[in-house]
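# Based on what follows, work out the 3D shape:
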Amino acid sequence: MKIKFAFPLLLIVFFISLVTLVALARNPASESENYQLLAQVLPSLAGQSTSENYDLVSTGGEPLGGGQESVSENFGLRSGFWLGNEATEPPPPVFGNIFLPIVTLNASSFFEGPNELEPNDSSAQANGPLRIGKEYFGLPTDDRDFYSFFTTVQGQIMIDLTNHPLELVNGAQVQLFYQSVIGGAVAIDVAPPYQLVYNGSPGIYYLLVFTDTSKCGNCTVPYTLHVSFSIIE
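Numbers count the residues shown, from 1 in each chain. Okay, here's the model as predicted:
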């Protein structure tokens with residue numbers, strides 16, 4: 001009796017699975033519509049790092065929309081999709097996992113500020129990613145304010161810290177870290193006018209505004225932080 005009941009049950013499960021697979025095949029990227037990828041193909045995949053604009057397309061080669069607004073996290077693109085370069089038609093299929101910055105229409109991926117949000121006392125709590133070219137304001141009431149931002153290509157990063165209450169007594173520092181704070185800063189400025197200029201690789205950066213709070217007489221005045229970027233040809 002158990003065998004007689006088990007066989008119809010297996011048929012039902014098989015039928016439901018088949019219907020689900022057909023539905024997914026018709027719309028394999030329903031959650032990825034209106035997404036465009038700015039892909040940086042990993043060396044393990046392409047032999048060397050490259051940086052080109054790509055569209056996310058379905059397995060049938062149909063584009064799933066576009067538009068660029070923000071880049072913040074690394075996501076995996078799994079088999080069942082393939083990357084199509086607009087310069088090739090059709091592009092070759094790419095299988096496996098590809099980890100790359102995703103460009104979405106979600107502007108909230110950026111930290112809009114303009115005022116800092118505490119706590120931001122470590123890189124894990126960093127306010128970010130910051131918008132390049134936008135001014136942000138922070139209160140130097142504690143010794144560490146961390147921010148983050150990203151770049152997608154090689155270029156020159158310029159960071160300006162102005163209006164800091166301790167400028168006249170050399171009571172502040174600006175430090176820049178690449179990918180992680182482990183290993184130390186890649187650039188640092190300990191004297192006003194506080195400005196960092198750094199030619200950096202694409203990736204995520206952490207920015208530390210350090211304040212010697214022992215020198216604070218009036219640290220309720222906000223400082224201004226500005227990050228700019230230009231591509232190196």
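# domains in the chain, as residue ranges please.
As given by automatic domain parsing, the domain ranges for the chain are 31-107, 110-231.
# Now the weakest link among the ones you listed, please, by mean pLDDT.
Of all the domains of the chain, the minimum mean pLDDT falls on domain 31-107 (a mean of 39).
# Can you give me the neighbour number for residue 117?
Counted with other CB atoms under 10 Å, the neighbours of residue 117 add up to 10. (C-beta placed from N, C-alpha, C; glycine too.)
# for it, helix, strand, or coil?
Assigned with DSSP: H, G, I helix; E, B strand; the rest coil, residue 117 falls in the coil class.
# contacting residues around the closest residue to it other than its chain neighbours?
Among residues not flanking residue 117 along the chain, residue 127 sits closest, at 5.5 Å (CB to CB, 6 or more residues apart in numbering). Residue 127 makes contact with 111, 113, 116-117, 120, 136, 145-148, according to CB atoms under 8 Å, 6 or more residues apart in numbering.
# Dump the residues you listed to TSV, plus distance to residue 192 and secondary structure.
Below are the contacts of residue 127 laid out as TSV (distance: CB to CB, whole Å; DSSP: H, G, I helix; E, B strand; the rest coil):
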residue	distance to residue 192	secondary structure
111	25	coil
113	23	coil
116	20	coil
117	25	coil
120	22	coil
136	18	strand
145	17	strand
146	21	strand
147	19	strand
148	24	strand
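# of those, closest to residue 214?
For the contacts of residue 127, the residue nearest residue 214 by CB to CB is residue 145; the value is 16.5 Å.
# where does the residue nearest to residue 117 sit relative to residue 177, distance-wise?
Distance, residue 127 to residue 177, using CB to CB, to the nearest Å: 15 Å.
# With residue 166 instead?
Taking CB to CB, one finds residue 166 at 22 Å from residue 177.
# Same question for residue 144.
Applying CB to CB, one obtains 12 Å for the distance of residue 144 from residue 177.
# okay, and the common contacts of those two?
In contact with both residue 144 and residue 177: residue 208, using CB under 8 Å, 6+ apart.
# Have a look at the two and say which one is more surrounded.
Higher neighbour count among residue 144 and residue 177: residue 177, with 22 against 17, using other CB under 10 Å.
# Who is the closest residue to that one other than its chain neighbours paired with across the strands?
Spatial nearest neighbour of residue 177, excluding adjacent residues (CB to CB, 6+ apart): residue 206 at 4.2 Å. With DSSP bridges as the criterion, residue 206 is bridged to residue 148, residue 177.
# contacting residues for residue 206?
Per CB under 8 Å, 6+ apart, neighbours of residue 206: 123, 126, 146-148, 176-177, 180-181.
# farthest pair in these?
With CB to CB as the measure, no two of these lie farther apart than 147 and 180, at 14.7 Å.
# Between the two, which is the more surrounded one?
Neighbour count, other CB under 10 Å: between residue 147 and residue 180, residue 147 has more, with 24 against 10.
# isn't the more buried one right up against residue 225?
Yes - applying CB atoms under 8 Å as the test, residue 147 and residue 225 come out as touching, 6.9 Å apart.
# Common neighbours of those two, please.
Residues touching both residue 147 and residue 225 by CB under 8 Å, 6+ apart: 130, 136, 207, 209.
# Quick check: the gap between the residue lying closest to the third one once chain neighbours are set aside and residue 170.
Taking CB to CB, 6+ apart as the measure, residue 207 lies nearest to residue 147, with 4.4 Å between them; neighbours along the chain are not counted. With the distance defined as CB to CB, residue 147 ends up 21 Å from residue 170.
# Isn't residue 209 up against residue 227?
No - if you go by CB under 8 Å, residue 209 and residue 227 don't touch, sitting 11.8 Å apart.
# Sounds good, over and out.
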